[in-house]
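# got a structure for you, letters missing:
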């Protein structure tokens, strides 16, 4: 049995027939072939799969595609304006906010949700916010620095 | 950055693709004939393998091929 879902992803209307159990991240990666959003753990811990649903960060491995029917979804692929990086992406580049890059899409998407509600977060607030995002390169120091810089250039 | 890069923080050139979601990790590869390998391990901590019956796996839909120690045996 499949169900029809349709949603907006990075401003573009998309639809597909999926099994009811299909996760949003599977819909993105396997149906739409948008592999910018990563699956690091599949158990809601690592945050590599963070995307925005109707402007709010969600772990896309923890929400069904069907629950996003009609939603407005934003992923890492939609942030840059052509070749020009989004200020938050640019801040990660400038501040060495990534090493292997696997957690980066989730870190950036998560950071943007923080900054939306808290335009000038302290180091402590950033670290607390990143509780749900794991970096196995352990590059947290520069990730925090990047988010601070990104927030500053977005103000 | 200085001409030599010595004593300066050098910006990496390859980070753009990671930041834009264009990375190419193994699990991002998606080709037409792609199959996935699954390693079936023993349920017993210590035991002697007398035989492996892969009959049920072979009868399953879409399973191809099933390899056991016999297939890589050097003797």
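The structure has been received and is ready for your questions. Computed from a predicted model, the values in this text were never measured in an experiment.

# drop to CA atoms for contacts and neighbour counts, all remaining ones
Will do.

# so what's whatever residue of chain B ends up closest to chain A closest to, chain neighbours aside?
When scored by Cα to the nearest Cα, chain B has residue B:21 as its residue closest to chain A, at 3.8 Å. Residue nearest to residue B:21 in three dimensions, not counting chain neighbours: residue A:36, with 3.8 Å by Cα to Cα, 6 or more residues apart in numbering or on different chains.

# May I ask which helix or strand encompasses that neighbour?
For residue A:36, there is no helix or strand it lies in under DSSP states H and E.

# okay but it is in contact with residue B:27, surely?
No: under the criterion of Cα atoms under 8 Å, residue A:36 lies out of contact with residue B:27, with a separation of 10.8 Å.

# the more surrounded of the two?
Under the criterion of other Cα atoms under 10 Å in any protein chain shown, the comparison of residue A:36 against residue B:27 puts residue A:36 first, with 28 against 10.

# Quick one, grab the pLDDT at that one.
Predicted confidence (pLDDT) for residue A:36: 98.

# and what of residue B:2?
68.

# ok, now residue B:75?
Note on residue B:75: pLDDT of 69.

# re the thing from before, in contact with the residue nearest to residue B:21: list those residues for me.
By Cα atoms under 8 Å, 6 or more residues apart in numbering or on different chains, residue A:36 lies in contact with A:29, A:75, A:76, A:77, A:105, B:20, B:21, B:22, B:23.

# I'd assumed the last one was in a strand, is it?
No: with DSSP: H, G, I helix; E, B strand; the rest coil as the criterion, residue B:23 is coil rather than part of a strand.

# which one of the contacts of residue A:36 is nearest residue A:47?
Distance ranking of these against residue A:47, using Cα to Cα, places residue A:105 first at 9.0 Å.

# contacting residues for that closest one?
For residue A:105, the contacting residues are A:36, A:37, A:38, A:48, A:49, A:50, A:76, B:18, B:19, B:20, B:21, taking Cα under 8 Å, 6+ apart as the criterion.
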